[in-house]
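[1] Build me a structure from this.
(4 chains)
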Number of protein chains: 2
Amino acid sequence: MKLAFITNHTARRATYKKRVKGLMKKLYEITTLCGVQACGIVFKPDDLEPQIWPSIQGVHSVLVRFMHTPDFDRDQKMFNHESYLKERIQKLNEKLKKKMKEHRMMWMSLQLHHYLEVGNVPEDLSTLDMNDLTYVINEKMREIDMKMVQLEKDERA
Amino acid sequence: MKLAFITNHTARRATYKKRVKGLMKKLYEITTLCGVQACGIVFKPDDLEPQIWPSIQGVHSVLVRFMHTPDFDRDQKMFNHESYLKERIQKLNEKLKKKMKEHRMMWMSLQLHHYLEVGNVPEDLSTLDMNDLTYVINEKMREIDMKMVQLEKDERA
DNA sequence: TTGACTATCCTTAGTAA
DNA sequence: TTTACTAAGGATAGTCA
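    Numbers count the residues shown, from 1 in each chain, chains lettered A, B, ... in the order given. Predicted coordinates:
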């Protein structure tokens, strides 16, 4: 097997699940066998909460020790909340925008497919003034799209 | 082999050396294969410097992120204004996603209906009243707009 | 101590239910 | 989606130099 990013989503997920379990087991084993203190932290891209070993308290304990090692500059602004927040929100928004676009396109194909296969319409929508509604909605959608484009431009600038 | 502390000093040292190497390799593999962010720290009792992966900078990067996870904040009782803000923005993002999804579904249903009606659109459409659904949709639009503005503000702030 | 070297055991990718 | 299974390859305890 090639040691490279697994592009297939389900395969990657499966591998991750197995390997994270294996990793945590290895951590448990080395600490038990060798009497050392260890911790591990793994962040999945879409998961806010990390996988950790052995526990929040355990990780914390290791981190405190780590931050007191000679090499580590304690005065670094590593826990500057504000700058971290900004960065994180920006990334979140980028992801969100991407997802929104993808979803919209997906829905269009799905709906079209549904029409071609089944050929029916939701009944509660059949009495609406479609011209007015679609106009308003399309306007709103365009505004949102433009905002998104603007945001992307701003980010690039 | 029994999974317990190896009392023999040399044997323990040998095992440690091998297993630490294996552990770091596993970390490298899971990050490469699954595109996740991870770090590992191991302290030997007699060694001041820990074994780390991937590097001081890499560990640092993961720790910054870890220090900002909700659970850790809660554990640290760091209920300051910034973490409150972060939580709020997270909730906002979630709500926005939800609204966008709802909105997309409705919009696509409407679009589909419009599509189906093309060719035999009733001529007296303009006499139909906007009903409750129109109101609901416009409400949702406004909410989405407000969230977008809020997010943009937060982003710039 | 360290660095091979293997036999054994473990992990896990792929597969199927 | 998860769970179970298994062959293949990988990790490593024990050993020797």
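
[2] elements contacting the helix or strand hosting A:Arg13?
    Assigned by DSSP states H and E, A:Arg13 belongs to helix A:9-34. Helices and strands touching helix A:9-34, by 3 or more C-beta pairs under 8 Å, 6 or more residues apart in numbering or on different chains; DSSP states H and E, are strand A:37-43, strand A:51-53, helix B:9-34. From N, CA and C alone the C-beta is placed, and that goes for glycine too.

[3] so which of those gets nearest B:Val62?
    Among those, the nearest to B:Val62 by C-beta to C-beta is strand A:37-43 (5.3 Å).

[4] Summarise which helices and strands that closest one is packed against.
    Packed next to strand A:37-43, using 3+ C-beta pairs under 8 Å, 6+ apart, are helix A:9-34, strand A:51-53, helix A:56-66, strand B:37-43, helix B:56-67.

[5] Please identify the most buried of these.
    Across the helices and strands packed on strand A:37-43, averaging neighbours per residue (mean count of other C-beta atoms under 10 Å in any protein chain shown) puts strand B:37-43 on top, at a mean of 23.

[6] residues in contact with the residue nearest to A:Arg19 when sequence neighbours are not counted?
    With sequence-adjacent residues excluded and distances taken as C-beta to C-beta, 6 or more residues apart in numbering or on different chains, A:Arg19 is closest to B:Ile30, at 4.6 Å. By C-beta atoms under 8 Å, 6 or more residues apart in numbering or on different chains, the contact set of B:Ile30 is A:Tyr16, A:Arg19, A:Val20, A:Leu23, A:Val42, B:Val36, B:Ala38.

[7] export those to TSV and tack on pLDDT and distance to A:Met1?
    Putting these into TSV (pLDDT from 0 to 100; distance: C-beta to C-beta, whole Å) gives the following:
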residue	pLDDT	distance to A:Met1
A:Tyr16	92	14
A:Arg19	92	12
A:Val20	92	17
A:Leu23	94	17
A:Val42	90	20
B:Val36	91	17
B:Ala38	92	19
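
[8] quick revisit: before we move on, what's the pLDDT of the residue nearest to A:Arg19?
    We have a pLDDT of 92 for B:Ile30.

[9] Which part of chain A gets nearest to DNA strand D, residue-wise?
    DNA strand D sits closest to A:Thr10 of chain A, with a gap of 4.3 Å, by C-beta to the nearest atom of the strand.

[10] what's the spacing between the closest residue to A:Phe43 other than its chain neighbours and A:Thr31?
    Counting by C-beta to C-beta, 6+ apart, A:Phe43 lies nearest to B:Gln37, which is 4.3 Å off, once chain neighbours are set aside. According to C-beta to C-beta, to the nearest Å, B:Gln37 and A:Thr31 sit 22 Å apart.

[11] Also A:Trp53?
    9 Å.

[12] joint contacts of those two?
    What both A:Trp53 and A:Thr31 touch, as defined by C-beta under 8 Å, 6+ apart, is the set A:Ala38.

[13] follow-up on the earlier one: tilt between the helix holding A:Arg13 and helix A:56-66?
    Interaxial angle, helix A:9-34 versus helix A:56-66 (axes from the mean of the first three to the mean of the last three C-alpha atoms, to 10 degrees): 70 degrees.

[14] And for stretch A:17-26, what's in contact with it?
    Residues from elsewhere that reach stretch A:17-26 (C-beta under 8 Å, 6+ apart): A:40, A:42, A:51, A:53, B:19, B:22-23, B:26-27, B:29-30, B:33-34.

[15] how about that stretch against DNA strand D, any contact?
    Yes: Stretch A:17-26 lies within reach of DNA strand D by C-beta under 7 Å from any atom of the strand, at A:Lys17, A:Lys26.

[16] surely A:Cys34 meets B:Tyr16?
    Yes: here A:Cys34 reaches B:Tyr16: they are 4.2 Å apart, a contact under C-beta atoms under 8 Å.

[17] A:Ser61 reaches A:Pro54, doesn't it?
    No: if you go by C-beta under 8 Å, A:Ser61 and A:Pro54 don't touch, sitting 9.2 Å apart.

[18] Name the residues contacting each of the two.
    A:Cys39.
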